[in-house]
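**Q** have a look; sequence and predicted model below, questions after that.
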Number of protein chains: 2
Amino acid sequence: MYNFNFCCPTRVIFGKGTIAELPKYIDRNKKVLMIYGGGSIKRNGVYDQVKRALEGYNLLEFGGIEPNPKYETCMRAVEMIKREGVEFLLAVGGGSTLDGTKFIAAASKYEGGDPYEDIMVKGIEVRDALPLADVITLPATGSEMNSGAVVSRLATEEKLAFHSDYVFPQFSIIDPEVTYSLPIRQTINGIVDTFVHVMEQYCTFDVNSPLQDSWALGILKTLIEEAPKVLANPTDYDTRANIFWCATCGLNNWISQGVPQDWATHLIGHELTAFYGIDHGQSLAIIEPRLLKNQKVSKAKKLAKLAREVFGIEESVDLKAADKAIEAVEAFYNSIGMKTKLSDYEIDANEAAEKIRERFKQRDVHLGEKGAIDADVAYDIVKAC
Amino acid sequence: MYNFNFCCPTRVIFGKGTIAELPKYIDRNKKVLMIYGGGSIKRNGVYDQVKRALEGYNLLEFGGIEPNPKYETCMRAVEMIKREGVEFLLAVGGGSTLDGTKFIAAASKYEGGDPYEDIMVKGIEVRDALPLADVITLPATGSEMNSGAVVSRLATEEKLAFHSDYVFPQFSIIDPEVTYSLPIRQTINGIVDTFVHVMEQYCTFDVNSPLQDSWALGILKTLIEEAPKVLANPTDYDTRANIFWCATCGLNNWISQGVPQDWATHLIGHELTAFYGIDHGQSLAIIEPRLLKNQKVSKAKKLAKLAREVFGIEESVDLKAADKAIEAVEAFYNSIGMKTKLSDYEIDANEAAEKIRERFKQRDVHLGEKGAIDADVAYDIVKAC
């Protein structure tokens, strides 16, 4: 096991009816900005629940954060915050709204040049941010219990991430009931996103970390068991609760302490989203099987363990078990209605591979737990998608 | 799954050589009191490592916290703190030293009457405490990442617990190398303590929480795999690291969110320690198998899952699988040299059962996840030990 340093100060308030508890956690004397997305929270009743809970607060609103939140939109919120003297940010929505809010929190206090260029592209360390919290409505990104955010810049077709302890949510309210009305596509996207988050942290090389492995595999197993249940009965509370807790634990870093991490599927997938606008979950489901195939030898031990412990595959040769694990993962995605080929989305694999190779060459990237995926390897992976 | 509310603000700094990082986390302008136990840290080099790391600090020392820390000793530390104007507490040692330090931190700021009577017996809420942190040297209690503490009062033969968000360690340094020199008895006690912590959180009744279950079982499985390795090779780093991380995760509440909890084995075991002075781990190993037998019907589903998923027992009838799980747990304890009968410790079961019944009658206790264990049931359990 590697050395590690871990702290997650976020309070999680999980369960039925928890939105009503908001006033326990936000100072009544602060000027609060509620940040949300395209308005789904108005249709599913969450907006009304939040407004009711925060009656009497000095509450402003900023709507319109997009899926794959845009830098350009975030900066309009920053202007409003500075103009109005906002002191506390409450994201209400999915991971995109929360990620956008994290960037807004940091950008509002950033005193250098262009915040996207500095924080996202150059990686300049964030040294302050407005306090923030969230009512998270989509089980997917795990952003509700971590300090990372992904934001896109329209102008340059870029989708990049930043991390800072300053943008941990002070608290996250998770009421699984609010996911009853999720469109099926978002439910599936969330399950695949969670699955791939776990794989990025688990499926690398062995460093003798049996506890972390068992926890990662426990999330995968639970997702595989719960996914068909939620499709059959979208308003079953326990199923929705189990899936949401998997999503949160899939990226709160409890499973990744002391182990190597991959994240190449995400970083290639981000490019697909940046170039073609496909959903984040879809981009992962397309890339991951081909990436695992490409890196099979290096990941054989973990893939074989996945085959045996999660999929119950009895195959004693690691490389053969690895093949079967990759097939089983793709079959799982397909079984819940997630398409896994670029052609399913009318994207030309050759063109996508070329574009991504070019961009990765410019950035001189070396992705994956061993840095083995450079622009040319990424080209091979995407071409095979 | 039940609703839950979770926050653990403790930073964990885990791995080789991490004691040297102490100055990163303690303000150089604070007056620090280093609290330790019977001096084992002087023999194993930890004391020297801490002193070296904190060179230049205004550092006082208080040694002599006992295993099963005593209220009377803790209050001598409180006197010293008040006299010297100490501002930060650093516990260096095992869970007893840390638990004592948590009580000292709360008692130093307590302005009511007798702190033990008020906080431990009457359960009056703690509203302030000195900031504290630890260098934890024993994988066992999990105290390094939670807000609970158990302290005994000699005068009344009592061993009681309290919880408060104010006594979360600010940080915990865990260097598994410092456990190489642990006496075998403490290594075994720690493994059993961790095992029982997990069982207290897992082995109740089913509330449809597959993720929590899989994580709990993952800790148990890891302990069963690592225990013989550490006995065979006490200086294998990975084995020591895996066991320590199991111990921390066994009681940092990551596995217990949204599920019922038991704790009856601990509460009965505490009485054995209070009356007879046997080790905490020993008390648990004695009580648990008999308690599980007694509560078998109510716990059958979880015991059967334990049998199948951890011990690989193929038995389709839950009650029969439950019996086999209980036998397998006791066999595991015995296999690593932990004795599990009162007679092994020259304690008369009848006398112990009588004493505990009398005390539980006075307190009118109803223990366990269903409150089903009253004084008479506890009597039956202890008598069978």
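**A** Great, that's in hand. No experiment lies behind these values; they were computed from the predicted model shown.

**Q** spell out the residue ranges of the helices in the stretch 1-150 of chain A.
**A** For the stretch 1-150 of chain A, applying DSSP state H, counting those that start in this stretch gives helices covering A:22-25, A:40-43, A:46-53, A:71-84, A:95-108, A:115.

**Q** those: lowest mean pLDDT?
**A** Mean pLDDT per stretch puts helix A:40-43 lowest among the helices of the stretch 1-150 of chain A, at a mean of 92.

**Q** now tell me what touches it from outside.
**A** Residues outside helix A:40-43 that contact it (C-beta atoms under 8 Å, 6 or more residues apart in numbering or on different chains): A:47-48, A:50, A:92-93, A:137, A:181. (C-beta placed from N, C-alpha, C; glycine too.)

**Q** now do stretch A:213-221
**A** Against stretch A:213-221 from outside (C-beta under 8 Å, 6+ apart): A:194-195, A:198-199, A:201-202, A:246, A:249-250, A:254-255, A:302, A:305-306, A:309-310, B:210-211, B:214-215, B:217-219, B:221-222.

**Q** try 6 Å
**A** Residues outside stretch A:213-221 that contact it (C-beta atoms under 6 Å, 6 or more residues apart in numbering or on different chains): A:198, A:202, A:246, A:250, A:255, A:309-310, B:214-215, B:218.

**Q** same check on stretch A:82-98?
**A** With contact meaning C-beta under 6 Å, 6+ apart, stretch A:82-98 is reached by A:30-37, A:41, A:50, A:60, A:65, A:67, A:69, A:101, A:105, A:130-135, A:137-138, A:140-141, A:143.

**Q** could you measure from the nearest residue to residue A:216 once chain neighbours are set aside over to chain B?
**A** Leaving aside its chain neighbours, residue A:216 sits nearest to residue A:202 (3.7 Å; criterion: C-beta to C-beta, 6 or more residues apart in numbering or on different chains). Counting by C-beta to the nearest C-beta, to the nearest Å, the separation of residue A:202 from chain B is 12 Å.

**Q** make JSON lines from the contacts of helix A:40-43 and add distance to residue A:385 to it.
**A** Shown next, in JSON lines, are these (distance: C-beta to C-beta, whole Å):
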{"residue": "A:47", "distance to residue A:385": "38"}
{"residue": "A:48", "distance to residue A:385": "42"}
{"residue": "A:50", "distance to residue A:385": "40"}
{"residue": "A:92", "distance to residue A:385": "35"}
{"residue": "A:93", "distance to residue A:385": "30"}
{"residue": "A:137", "distance to residue A:385": "30"}
{"residue": "A:181", "distance to residue A:385": "32"}
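
**Q** farthest pair in the residues you listed?
**A** By the measure C-beta to C-beta, A:50 and A:181 form the most distant pair in the contacts of helix A:40-43, at 15.8 Å.

**Q** can you pull out the helices in the stretch 201-350 of chain A?
**A** In the stretch 201-350 of chain A, the helices defined using DSSP H, counting those that start in this stretch lie at A:210-232, A:237-250, A:264-276, A:280-294, A:300-309, A:318-335, A:349-363.

**Q** can I get those helices in TSV including mean neighbour count?
**A** Output for the helices of the stretch 201-350 of chain A, formatted as TSV (neighbours: other C-beta atoms under 10 Å in any protein chain shown):
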stretch	mean neighbour count
helix A:210-232	22
helix A:237-250	25
helix A:264-276	23
helix A:280-294	26
helix A:300-309	22
helix A:318-335	19
helix A:349-363	16
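
**Q** figure out which of the ones you listed is closest to residue B:382.
**A** Of all those, helix A:210-232 sits nearest to residue B:382, with 33.0 Å by C-beta to C-beta.

**Q** roughly how far out does the closest one sit from the chain middle?
**A** Centroid separation between helix A:210-232 and its chain, computed with C-alpha atoms, centre = their mean, to the nearest Å, is 17 Å.

**Q** mean confidence for that helix?
**A** For helix A:210-232, mean pLDDT rounds to 98.

**Q** re the thing from before, so which of the helices of the stretch 201-350 of chain A gets nearest residue B:275?
**A** helix A:210-232 (35.1 Å).

**Q** dump the residue contacts of the nearest residue to residue A:166 once chain neighbours are set aside.
**A** Leaving aside its chain neighbours, residue A:166 sits nearest to residue A:129 (3.9 Å; criterion: C-beta to C-beta, 6+ apart). By C-beta under 6 Å, 6+ apart, residue A:129 lies in contact with A:105-106, A:109, A:166-167.
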